[in-house]
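>>> Sequence below, structure please.
(2 chains)
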Amino acid sequence: MGDELNYPEDLRYNESHEWARCEDHTVTVGISDHAQAELQNVVYVELPEVGVNTKQKEEFGVIESVKAAYELYAPVSGEIIEINQELEHAPELVNEDPYNQGWMVKIRMDDPSELSNLLSAEDYHANINSEEMSE
Amino acid sequence: MSEDLKRTTLYHTHTQLGAKLIEFGGWEMPVQYSNIIEEHLTVRSKMGMFDLSHMGEIEISGKGALKLLQRLITNDAAGKLVDGRVLYSPMCNLAGGIIDDLLVYRLAEDRYMLVVNASNIRQDFEWICANNNENAEVEDHSNRTVLIALQGQSSVQTLQMLSDIDVTTIKYYWFQEGHIQGIPVIISRTGYTGEVGFELYTGSCYGATLWDSLYKSVIAEEGLPVGLGARDTLRLEAGLPLHGNDIDQTTTPFESRLNWAVSLKKGDFIGREALIEQKKQGIVNRLIGFRMLDRSIARSHYPIYQDGECISEVTSGGLSPTLGVSIGLAYLPSGKGKVGSKIEIQIRQKLHPAEVVPIPFYRSQELTA
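Numbers count the residues shown, from 1 in each chain, chains lettered A, B, ... in the order given. Below you'll find the model as predicted:
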């Protein structure tokens, strides 16, 4: 099932299914194709206020499907400098375009060395497959 | 998935259809086949089919059957049931709390089928046996019965094509015995979706064949198999309470707007005195419907505030796919739950505005036609 899904090579991933796109010291964050496919209809996204500080692997928001609410975990530590306001009225963008229009927050990264704690596309994909095997 | 979960006869059919399975009331059941919102909207616009074989069927028969039934349930089986008629009723404890809500089918004057919630089968059966002072026969047929629901506008014509009896003339809350493609089936015009539809009971040995023949017709008519996810959103839009969420042993039928299914005049029944007393004292809390005024989603157990005071919690809540807003049910103290009243739901740390609205949230034009 995971094989039809897409995991861009230029991104880094959390085991908890968030992706991080790094440009200079700004990291854009969203959830992976796998996560959106598992959640199916995303119906609500709760994001932090701009200016809030977040820590790597700590909760920064919540995403809700029809069935339940799931926490979102920050891939890096830093200040939230922008949130995707489109998602307030169009949460379905997370399903339709998880890596572009479905982005959630931009974080000004405190410590670029934290990026090494994240998974490559290949490792993330392998990780999903092993999760599915163990179910 | 835990190994002691029960599976229905149709388990392998569901896995072959690619259903996503979850634990529900001790059962491993399909939560969705394709997509909850799509399944939901397909039931509203065309039709859907559901495996509900996890539900329980308890048969009460013999000379004392009706007397036992009258004592067990709050509704009036003697006054309202004839052969072929279905009756909805709560079954209460001595305090008037709802042990379960169920359907009663009168198969014959001395033979009744009770259809009960999956997670309550054992407890209901024990309760019925413990109160059986009438020497009635009480048998649990749950494991040998398959229940498939066909719900939605197109279900009448679809079933008509497959059936040897005229299903178009079966009225709401009536049933007939007939055959679907040669399979003996109880065809009941009932449901839990707020749409026109049928619930079909047959022996387990016919389950897979019945599913397959219905499935072909449902797909040909652009219907879908539907899991418990959409079953929950459909019943919530229709304002139908779910036992274990909205009603339980701590709530009475008067509090949960089920007055219509309580007959205080029919004679004694378990819980009657407590219900009379509650009526005399006045009903303090009543089940109400609300809708969120922003896009946030209220879910079970979220606290409810009014004027800065925590007054209750959500019993059921979620997105209404038909209405596009989040809706929910809750008990509110009288005076605080009038239609139009403003309340706030605490979702994580923040309060979100909501408004009390009439139940049902959604009503099909054709349901009772």
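
>>> alpha carbons only for contacts and neighbour counts from here, please
Noted.

>>> Which neighbouring elements make contact with the worst-scoring helix or strand of chain A on mean pLDDT?
Lowest on mean pLDDT, DSSP states H and E among the helices and strands of chain A sits helix A:121-134, with a mean of 86. Packing contacts for helix A:121-134, counted by 3 or more Cα pairs under 8 Å, 6 or more residues apart in numbering or on different chains; DSSP states H and E, involve strand A:12-13.

>>> residues making contact with the strand it packs on?
A:19-21, A:75, A:115, A:118-121, A:124 (Cα atoms under 8 Å, 6 or more residues apart in numbering or on different chains).

>>> Which one of the residues you listed is nearest to residue B:143?
Proximity of the contacts of strand A:12-13 to residue B:143 (Cα to Cα) peaks at residue A:124, which lies at 43.4 Å.

>>> Next one: that closest one from residue A:60, what distance?
Distance, residue A:124 to residue A:60, using Cα to Cα, to the nearest Å: 21 Å.

>>> Same question for residue B:340.
34 Å.

>>> quick one on the thing from earlier: mind picking the one among the contacts of strand A:12-13 that's closest to residue A:35?
residue A:19 (10.2 Å).

>>> Direction included, what does the helix or strand harbouring that closest one pair against?
Assigned by DSSP states H and E, residue A:19 belongs to strand A:18-23. The strands that strand A:18-23 pairs with in its sheet are strand A:12-13 (antiparallel), strand A:26-31 (antiparallel) (by DSSP bridges).

>>> List the buried residues for the helix or strand that the last one is followed by?
Which is strand A:26-31. Heading C-terminal from strand A:26-31, the first helix or strand you meet, by DSSP H and E, is helix A:33-39. Buried residues in helix A:33-39, counting neighbours by 16 or more other Cα atoms under 10 Å in any protein chain shown, are found at A:33-37, A:39.

>>> do stretch B:303-320 as well
Buried, per 16+ other Cα under 10 Å, within stretch B:303-320: B:303-305, B:311-320.

>>> can I see the domain layout of chain B?
B:11-53+B:143-237, B:284-369 (automatic domain parsing).

>>> Return the residues of chain A in contact with chain B.
A:40-41, A:43-44, A:66-67, A:88-89, A:135 (Cα under 8 Å from any Cα of the partner chain).

>>> Narrow the residues you listed to just the buried residues.
A:40-41, A:43-44, A:66-67, A:88.

>>> from those residues, which ones fall inside helices?
residue A:88 (DSSP state H).

>>> Residue A:7 against residue A:33, yeah?
Yes - Residue A:7 is within contact range of residue A:33, at 7.0 Å (criterion: Cα atoms under 8 Å).

>>> what number of residues lie near residue A:16?
17 (other Cα atoms under 10 Å in any protein chain shown).

>>> Check the gap between the nearest residue to it once chain neighbours are set aside and residue A:56 for me.
Leaving aside its sequence neighbours, residue A:16 sits nearest to residue A:73 (Cα to Cα, 6 or more residues apart in numbering or on different chains; 7.0 Å). The spacing between residue A:73 and residue A:56, counted by Cα to Cα, is 7 Å.

>>> more neighbours, those two?
Taking other Cα under 10 Å, residue A:73 and residue A:56 do not tie; residue A:73 has more neighbours (24 against 18).

>>> For the more buried one, list the residues it contacts.
Per Cα under 8 Å, 6+ apart, neighbours of residue A:73: A:16, A:18, A:56-61.

>>> how about TSV for those residues, with secondary structure and pLDDT added?
Converted to TSV, the contacts of residue A:73 look like this (DSSP: H, G, I helix; E, B strand; the rest coil; pLDDT from 0 to 100):
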residue	secondary structure	pLDDT
A:16	coil	95
A:18	strand	98
A:56	coil	97
A:57	coil	96
A:58	coil	96
A:59	strand	96
A:60	strand	97
A:61	strand	96
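
>>> Now residue 106: closest residue in space, sequence neighbours ignored.
No chain specified, so I'll use chain A. Distance criterion Cα to Cα, 6+ apart; nearest residue to residue A:106, sequence neighbours excluded, is residue A:28 at 4.4 Å.

>>> try chain B instead
In this structure, residue B:106 finds its nearest non-sequential neighbour in residue B:112, 4.7 Å apart by Cα to Cα, 6+ apart.
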